[in-house]
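Chemist: Pasting a predicted model and its sequence here:
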Amino acid sequence: MGTISDVFHVDIDLTRSQIKIVDAIKKIPAEELSGAERISQLEKEALKDNIFALYELYNCYQNGKYITPDNETAISFLLKITEIPMVGSINSTVWDEGGILPGAFNDRPGVRLDLLYVEEWFLSSTIGDTYAKLGYYYKNNDEKASFAEYCFWIAILHGFNCLDDRKEVQDRINRKTTNKNNTTLKMLDASSNECPFIQEELITDFTAENWNKLKPESHLSLVTGVFCYKKFDSLSTKDKKFIDFSAAVIPFMKVLEAELSSRFWIKYNKYIRRTYPNPNDFAKKNNITEVSDYDNHNMIIYKNRVGTVKYVSRTPLFTLGNFEYTYGMPGNDPKTLPDNTAVEFCIRELFKPVHAKEKDATDWLLKLRNDILALKKIRNDAAHGGKTISQEDAEICINEILLIKKILKNILDHCRY
């Protein structure tokens, strides 16, 4: 029999610790801790990706508790919750499993509802409420309608009753799409000869060999990204003030995540399980000795309720934000080295022989981690809403991925496939 933490691989000790810390801050008497000091302590915890501290900061700024009310700042804390890797991992699994709250487990063999931790209920409730609040905040914003619809769907999977709100947003999106359908078709018809030329330019830049290594859907996304950027760039300076360049950024980020996932995530997971059938051997190889060290590897291994180390049974969805954690080098500390198994995998299976050297592989992975960190914020702003993407940000993305640093081409040059 298992619990939610067994199915969704929640670090129950970490979750329990985060809840206790926030509760302790909230319970300190007013005469012992001023409002500003209380906010400061919560902000320090928030920097550690404490979901409950971020949620409490939302409540403080939203309701004017200890601080002057500020709705935009309040919402920013909810958006930060959506960027936490563990939240993304849970949501991707929730999406596949069809729900995380106990009601979704009534027909699941082997899951005992009477064994559920209170913290598991609280974690799911906090995540679900975060997405529900974001959905309501962006519900009537046409530019963020798709994000609002997504938020309502995640909230529903966590047990919140947002079906009518999601349908309302969906209907508005559909009406807007229908009304603009003829105009969109005319734009595509007028530019129908442009996309083949864009693809030819990309093939020349990548080389035919590397282009053929890319997934077919990556071909389409790259052409789409270049096409969108060129269209936006051709507008007058006055018109550009009304443009969110997210549409030009997201296709490039999709390609980078998809190509990284197929090489550095899916194949890496298979390599680990094949080479180290016992997850304790994986931990030993990477010098993981303390329970807290598992926080950085919670997409690969975890400790279940009885303290047994296990591999995550379902490979979670890979995102740019997950790369640094899954390869054992979180943050931007230059002294942090990738996991031994990550370097070993690159040398033995992933890299071409000319690049399959330990120092080269280590340095290359660190550089890739730093390049991804430089792009992560733009990616999150473009995908999650709350901010618009400027032309300058779009150019940074294109220069990093395609033109100057050529992250994508560098990956294909190094990899055998």
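Modeler: Now that the structure is in, tell me what you want to look at.
Chemist: do you know how far the closest residue to Phe122 other than its chain neighbours is from Ser218?
Modeler: Nearest residue to Phe122, sequence neighbours excluded (C-beta to C-beta, 6 or more residues apart in numbering): Ile19, at 6.4 Å. Bear in mind the C-beta positions are built from the backbone N, C-alpha and C, glycine included. Distance check for Ile19 against Ser218: by C-beta to C-beta, to the nearest Å, it reads 41 Å.
Chemist: And the residue nearest the centre of the protein?
Modeler: Closest to where the C-alpha atoms of the chain average out (C-alpha atoms, centre = their mean) is Thr319, at 4.6 Å.
Chemist: so how far is Ser218 from it?
Modeler: In terms of C-beta to C-beta, Thr319 sits 16 Å off from Ser218.
Chemist: Okay, domains of this structure per the record?
Modeler: Annotated domains of the chain cover 4-179, 198-414 [automatic domain parsing].
Chemist: Format the ones you listed as a markdown table; extra columns: mean pLDDT.
Modeler: As requested, the domains of the chain are arranged in a markdown table below (pLDDT from 0 to 100):
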| stretch | mean pLDDT |
| --- | --- |
| domain 4-179 | 74 |
| domain 198-414 | 85 |
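Chemist: tell me the strands in the stretch 201-350 of the chain, going along the chain?
Modeler: With DSSP state E, counting those that start in this stretch as the definition, the stretch 201-350 of the chain shows strands at residue ranges 301-303, 309-311.
Chemist: and of the ones you listed, who's closest to Val223?
Modeler: Proximity to Val223 (C-beta to C-beta) singles out strand 309-311 among the strands of the stretch 201-350 of the chain, at 37.9 Å.
Chemist: Please spell out which residues along that closest one are buried.
Modeler: Neighbour counts over strand 309-311 (16 or more other C-beta atoms under 10 Å) mark 309, 311 as buried.
Chemist: Who are the packing partners of that strand?
Modeler: helix 279-285, strand 301-303 (3 or more C-beta pairs under 8 Å, 6 or more residues apart in numbering; DSSP states H and E).
Chemist: now for those, which one comes closest to Val169?
Modeler: Across those, closest to Val169 is strand 301-303 (C-beta to C-beta), at 35.0 Å.
Chemist: before we move on, the earlier item: make TSV out of the strands of the stretch 201-350 of the chain and add distance to Asp360.
Modeler: Listed next are the strands of the stretch 201-350 of the chain as TSV, based on distance: least, C-beta to C-beta, whole Å:
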stretch	distance to Asp360
strand 301-303	27
strand 309-311	29
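Chemist: circling back to that earlier point, just tell me which of the helices and strands packed on strand 309-311 ends up closest to Glu83.
Modeler: strand 301-303 (20.8 Å).
Chemist: Please list all residues in contact with Arg273.
Modeler: Counting by C-beta atoms under 8 Å, 6 or more residues apart in numbering, Arg273 touches Tyr311.
Chemist: swap in Ile198?
Modeler: Contacts for Ile198 (C-beta under 8 Å, 6+ apart) come out as 223, 226-227, 230.
Chemist: cutoff 6 Å now
Modeler: Shown in contact with Ile198 (C-beta atoms under 6 Å, 6 or more residues apart in numbering): 223, 226-227.
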